[in-house]
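Peer 1: Model the structure of this input:
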Amino acid sequence: MRLKSRGLPLRKRESLITPMRVAILGLAILASGLIWYKSEVDAGAVLAPFSPTSTPTRSARSFVEEAQARFAAGQFLQAVTAYDQAILVTPDNIDLWVGKARAQMFGEDETGALESANRAVLIDDQNVKAYAIKAWALWKTGDVDGAGQEVSRALAIDANYAPAHAYYALVLNSQLRYEQAFEEAKQAVSLDPQLIEGHYAMGFSNEAQGLYEQAVVHYERGLVLNPQVIFLYRQIGLNYRALGVRASGAGNKDAASQYFGEAIKALNRAISIDPDNVTPYLDLARTYLQIDQLGTAQQYLDDALTLQPENPVIHGRLALLYMKRKNYEGALTSMQLAVEGGVYTETLDSGETVAHTVSGLPLDGSSLEFYYSYGNLLAYFQQCDDARVYLVRALEFAPDDLTVQGSFEVSSDICRYGGTATPEPDETERPALPAATPEPPTAAP
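Peer 2: Here you go, the predicted model:
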């Protein structure tokens, strides 16, 4: 059970998301679920009637309307189900596949969204909507170059398609082309002010350059359009956390306390929307780790592990927490699961044990910290041959990273001279590549 008291004083902050605005706009959104869909779908194609049957059956129109209503209410997975029912009626309708892919993206099922987008492209290889949504799915699953190619195809077909400009902004930010990304995001919002992805792209463009407060403003504008989008709350939390780290570094404890408090509030809001989504738990654990509330961090990681005991990222995060607590034996066991994989045995309240298979993480931008930390732990326990394997891999992957360089040098000295230096975790905010975990530059794995 999580602690009820978070212990962080907050000052009242005026937010764009006031109860009155949410109520008014919520009614408007629910009453006008066709806003996005009407711009995307040829109703005549979508609403093709059923062939007569001997028993009563729902019409294609009713499934489409349900999907729209579910999406507007933030019930994205249920919207996907409704789209599936409509697709059973008209399986080759491209707009249904695009609508399903978009709902999957908002429900954070990027792999499923990519499959739906690929189906849409197969149906019509000259459709701007199909290429655009495929670009977003590719970006979120880590294929930045592939996303760039698909969004270029989309814009070649229709240079005024707002979602394509929003997704192109995301790609450009990942390519460090910040000024052009800003322009693309602005154009997306200008073309369609009701497009949530446009405001997301604006927020991401600010965030990529460290303009965290401005990023929060744009993410909140997206939430005004739909206050149930978990990834927008997460982005707000991560940006406030970055502001807290910045204020702490400047010695401004009061500001840091306020920013961390706002981060915790936003991330808890994400959990309240979907308690089975482990990612906000990891974000909160990292936040509490950074403000030295290790017990609360442990509780959030335990909650996450209960939800997904086979998730290697959770084991890696637990290992970093154990390192902070100087429990190096526990850290080594957990980090081995994160990097190499293995079997994690869970003991239930009944006393029964359950074995879970954990697959090790590949080395990429989000797992880099786990790899060099694992090397440090192995060196500490004088398992030097194995330590060198992981430290060298980390160094080859990120040769200019000062933390990786330092880990390699210190751990090499430990093995060379038999020293006992302790392997402390890196507590800085490390940029994570969108390729590994679909998060912005301030996010940690």
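
Peer 1: Low-confidence ranges, this protein, go.
Peer 2: For the chain, residues meeting the criterion pLDDT under 70 lie at 1-58, 60, 418-422, 426-445.

Peer 1: Next up, the contacts around E310.
Peer 2: E310 makes contact with 344, 356-359, according to C-beta atoms under 8 Å, 6 or more residues apart in numbering. Every residue, glycine included, has its C-beta placed from N, CA and C.

Peer 1: Let's see that with 7 Å instead.
Peer 2: 356-358 (C-beta atoms under 7 Å, 6 or more residues apart in numbering).

Peer 1: Filter those residues down to the buried ones, PyMOL style.
Peer 2: Selecting only the buried entries of the contacts of E310 in PyMOL, with 16 or more other C-beta atoms under 10 Å as the criterion:
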select buried, resi 358
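
Peer 1: ok, T287 to V278 distance?
Peer 2: Per C-beta to C-beta, to the nearest Å, T287 is found 15 Å from V278.

Peer 1: Please read the previous query as pertaining to E150.
Peer 2: 29 Å.

Peer 1: quick revisit: neighbour count winner among T287 and V278?
Peer 2: T287 (25 against 21; other C-beta atoms under 10 Å).

Peer 1: Give me the neighbour count for R286.
Peer 2: Count around R286 with other C-beta under 10 Å applied: 24.

Peer 1: On the three-state scheme, it is what?
Peer 2: Assigned by DSSP: H, G, I helix; E, B strand; the rest coil, the conformation of R286 is helix.

Peer 1: can you tell me how far it sits from K324?
Peer 2: 11 Å.

Peer 1: How about P193?
Peer 2: For P193 relative to K324 (C-beta to C-beta), the value is 45 Å.

Peer 1: and the end-to-end length of stretch 63-79?
Peer 2: This stretch, stretch 63-79, spans 9 Å end to end (C-alpha to C-alpha, to the nearest Å).

Peer 1: residues of that stretch that come out buried?
Peer 2: Residues of stretch 63-79 classed as buried by neighbour count (16+ other C-beta under 10 Å): 63-76, 78-79.

Peer 1: Just the ones of those residues in helices?
Peer 2: Of the buried residues of stretch 63-79, the ones assigned to helices by DSSP state H are 63-72, 76, 78-79.

Peer 1: and which of those residues is nearest to R317?
Peer 2: Distance to R317 across those (C-beta to C-beta) is lowest for F76, with 25.8 Å.

Peer 1: returning to that earlier point: ok, P193 and K324, which is more surrounded?
Peer 2: More neighbours surround K324 than the other of P193 and K324, with 17 against 12 (other C-beta under 10 Å).

Peer 1: all strands of the stretch 1-150 of the chain, in order?
Peer 2: For the stretch 1-150 of the chain, applying DSSP state E, counting those that start in this stretch gives no strands.

Peer 1: ditto for the stretch 201-350 of the chain
Peer 2: For the stretch 201-350 of the chain, applying DSSP E, counting those that start in this stretch gives strands covering 341-347.

Peer 1: Any idea how far stretch 195-215 is from the middle of the chain?
Peer 2: 14 Å (C-alpha atoms, centre = their mean, to the nearest Å).

Peer 1: quick one: buried residues of it?
Peer 2: 195-209, 212, 214-215.

Peer 1: Restricted to helices, list those.
Peer 2: 196-208, 212, 214-215.

Peer 1: residue contacts, A67?
Peer 2: A67 neighbours (C-beta under 7 Å, 6+ apart): 79, 82-83, 86, 99.

Peer 1: try 10 Å this time
Peer 2: By C-beta atoms under 10 Å, 6 or more residues apart in numbering, the contact set of A67 is 33, 37, 75-76, 78-86, 96, 99-100, 103.

Peer 1: repeat for P280
Peer 2: 230-231, 233-234, 237, 266-274, 300, 304.

Peer 1: and those residues, which are buried?
Peer 2: Buried among the contacts of P280 by 16+ other C-beta under 10 Å: 230-231, 233-234, 237, 266-267, 269-271, 274, 300, 304.

Peer 1: Pipe those into a markdown table and attach distance to N252 per row.
Peer 2: Listed next are the buried ones among the contacts of P280 as a markdown table, based on distance: C-beta to C-beta, whole Å:
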| residue | distance to N252 |
| --- | --- |
| I230 | 30 |
| F231 | 29 |
| Y233 | 25 |
| R234 | 25 |
| G237 | 20 |
| A266 | 20 |
| L267 | 22 |
| R269 | 25 |
| A270 | 26 |
| I271 | 28 |
| D274 | 34 |
| Y300 | 26 |
| A304 | 31 |
